[in-house]
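Peer 1: Kindly generate the corresponding structure for this input.
(one chain, ligands or ions: 1)
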Amino acid sequence: MTDFGFKPTGRIFDEREALLEEWTPKNLVGRDEELSQYHAALQPVIEGETPSNIFLYGKSGVGKTAATRFLLRLLERDAEDVDGLDLHTVEVNCDGLNSSYQTGVALVNELRAPANQISNTGYPQASVYQFLFDELEKLGGTVLIVLDEVDHIQDDSLLYKLPRARSNGDVTNSRIGVIGISNDLNFRNRLSSKVRSSLCEKEVSFSAYDANELQEVLRQRKEVAFKDGVLEEGVIEMCAAYGAKDSGDARKALDLLLESGDIARESNDEFVTEAHVRNARKRLQTDQVIEGISNYSRHGQLVLWALTILEEEGETPARTRDIRESYEKLCSRDGSDPISNRAVREYLAELETLGLISSTQINRGISGGKFKEHKLAQSVSSVKSGLEESLESTP
Ligand SMILES: Nc1ncnc2c1ncn2[C@@H]1O[C@H](COP(=O)(O)OP(=O)(O)OP(=O)(O)O)[C@@H](O)[C@H]1O
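Peer 2: Numbering: from 1, shown residues only. Alright, predicted model coming up:
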């Protein structure tokens, strides 16, 4: 039998952690323009003036959070040398908070000692705001409040109140600046004009990384993460090129480099090669397929399952009506009512857009008619893994 005991190999990586999400680099590379605009927007703080409210936007993984942490750390450091400047920063990620109320509670708890936390329910909204203003008042000085993923807050009330707290007399001791961060590019336009004008006083837009900038980001991490000389030539360039193609997202490029290193280590190879990167990309794409499917609606999943069964039986490309037949059987086992023919066709079109299936229009002329044929665009095993994750009762 294979020996499944564990032994450290000490291969490939020096400090693998440097490729993980939580790792904050000391320097941010490839973001000079964004950083200088952001720096200028923060300048009033160090002058001891009322901070501007700043709104950062740009797609996922383009360094908005990293730039914020980087500049605020420098600002905190330099504020210590300025007489009379008392700077505090608070950061909350609004993912999962959804309302002004919950965000208010999260901010209060961030500012209070662990023994003094408040619960997520049970207080009138006005009391939560009062708790918050009391805490801010106690802090005094300049308080920068970072609301990451601010677009998750569904209502405007907190975003209206916070920037106006001083002018409305809710606080008198402290000067408050709000830094809102969002990767929903429409969020700004959805805000009421009153909220927009105060929250977005200064705006910094983060562009997607191009391949050269991603190379800089990856080279910086490589120095720390990998043993000297283990990356073959072309590996960084390839990860950066894929990253640039995947919407210029540094997180994806870093994930790809990490996965490539993992594959090299698993295979007991001495060097990380372009072949490892290609493999890593396949693996990560499979993970994305699985995640996409498990978040999909139930009937969409059943339609996909129906096509997967036909694919396994060698019956693809399959016509819509054959998929429908297989789908109806699954519905009866699932105990759910089938949706209309038209809805099935719509799901198939959507699955094609998601890149999960591929569909071809066939035209057999007057006698044969026009119809569509479908087959899976991903491997049966990755589609099945995604489906199994959410359809517990495997049909
Ligand atoms: N210029 C950079 N130099 C070094 N590392 C970077 C740079 N930009 C991004 N990263 C790294 O990429 C990852 C994603 O960056 P970050 O979280 O800042 O993105 P974001 O724009 O805030 O996106 P999201 O809204 O999805 O969180 C982090 O691990 C971060 O450390």
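Peer 1: Next, the buried residues of stretch 188-197.
Peer 2: Neighbour-count burial for stretch 188-197, counted by 16 or more other Cβ atoms under 10 Å, picks out 188, 191, 195-196. C-betas here are computed from N, CA, C, even on glycine.
Peer 1: With stretch 72-79 instead?
Peer 2: Buried residues in stretch 72-79, counted by 16+ other Cβ under 10 Å: 72, 75, 79.
Peer 1: residues touching the first one, list them.
Peer 2: The one in question is L72. L72 makes contacts with 89, 144, 146, as judged by Cβ atoms under 8 Å, 6 or more residues apart in numbering.
Peer 1: In helices, which of these appear?
Peer 2: The subset of the contacts of L72 located in helices under the criterion DSSP state H is empty.
Peer 1: Any chance of those residues in CSV with distance to K222 as columns?
Peer 2: Formatted as CSV, these follow (distance: Cβ to Cβ, whole Å):
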residue, distance to K222
T89, 31
L144, 33
V146, 29
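Peer 1: Quote the end-to-end distance of stretch 183-195.
Peer 2: Separation of the first and last residues of stretch 183-195 by Cα to Cα, to the nearest Å is 18 Å.
Peer 1: Ok, stretch 373-383 next?
Peer 2: Span of stretch 373-383 from end to end, Cα to Cα: 18 Å.
Peer 1: Looking only at it, what residues are buried by neighbour count?
Peer 2: For stretch 373-383, burial by neighbour count (16+ other Cβ under 10 Å) applies to 373-374, 376, 378, 382-383.
Peer 1: go on, stretch 163-172?
Peer 2: Neighbour-count burial for stretch 163-172, counted by 16+ other Cβ under 10 Å, picks out 163, 165-166, 170-171.
Peer 1: Next step: those residues restricted to strands.
Peer 2: Applying DSSP state E to the buried residues of stretch 163-172, no entry is found in strands.
Peer 1: What about R31, how many residues nearby?
Peer 2: The number of residues packed near R31 is 23, by other Cβ atoms under 10 Å.
Peer 1: List the contacts of it.
Peer 2: By Cβ under 8 Å, 6+ apart, R31 lies in contact with 63, 67, 206, 213.
Peer 1: Quick check: the farthest pair among the residues you listed?
Peer 2: The most widely separated members of the contacts of R31, counting by Cβ to Cβ, are A67 and E213 (13.0 Å).
Peer 1: can you give me the end-to-end distance of stretch 176-189?
Peer 2: OK, stretch 176-189 end separation, Cα to Cα: 23 Å.
Peer 1: So is it next to the ligand?
Peer 2: Yes. Looking at stretch 176-189 against the ligand by Cβ under 6 Å from any ligand atom, the contacts come from N183.
Peer 1: picking up where we left off before, and the buried residues of stretch 373-383, which is closest to L302?
Peer 2: Checking the buried residues of stretch 373-383 against L302 by Cβ to Cβ gives V383 as the nearest, at 12.8 Å.
Peer 1: Now that closest one: phi and psi?
Peer 2: Taking degrees, to the nearest 10, you get phi -60, psi -40 for the backbone angles of V383.
Peer 1: gap between the closest residue in space to it that isn't next to it in sequence and L20?
Peer 2: Leaving out its chain neighbours, the residue that sits closest to V383 by Cβ to Cβ, 6 or more residues apart in numbering is T308, at 5.4 Å. For T308, the distance to L20 equals 34 Å [Cβ to Cβ, to the nearest Å].
Peer 1: What is the burial count for G314?
Peer 2: Here the number of neighbours of G314 (other Cβ under 10 Å) works out to 6.
Peer 1: What are the neighbouring residues in contact with the nearest residue to S267 once chain neighbours are set aside?
Peer 2: Leaving aside its sequence neighbours, S267 sits nearest to H276 (Cβ to Cβ, 6+ apart; 7.8 Å). For H276, the contacting residues are 235, 260-261, 263-264, 267, 269, by Cβ under 8 Å, 6+ apart.
Peer 1: in the helix or strand harbouring I290, what's buried?
Peer 2: Element membership for I290, per DSSP states H and E: helix 274-294. With burial defined by 16+ other Cβ under 10 Å, the residues of helix 274-294 counted as buried are 276-277, 279-281, 284, 286, 288-290, 293.
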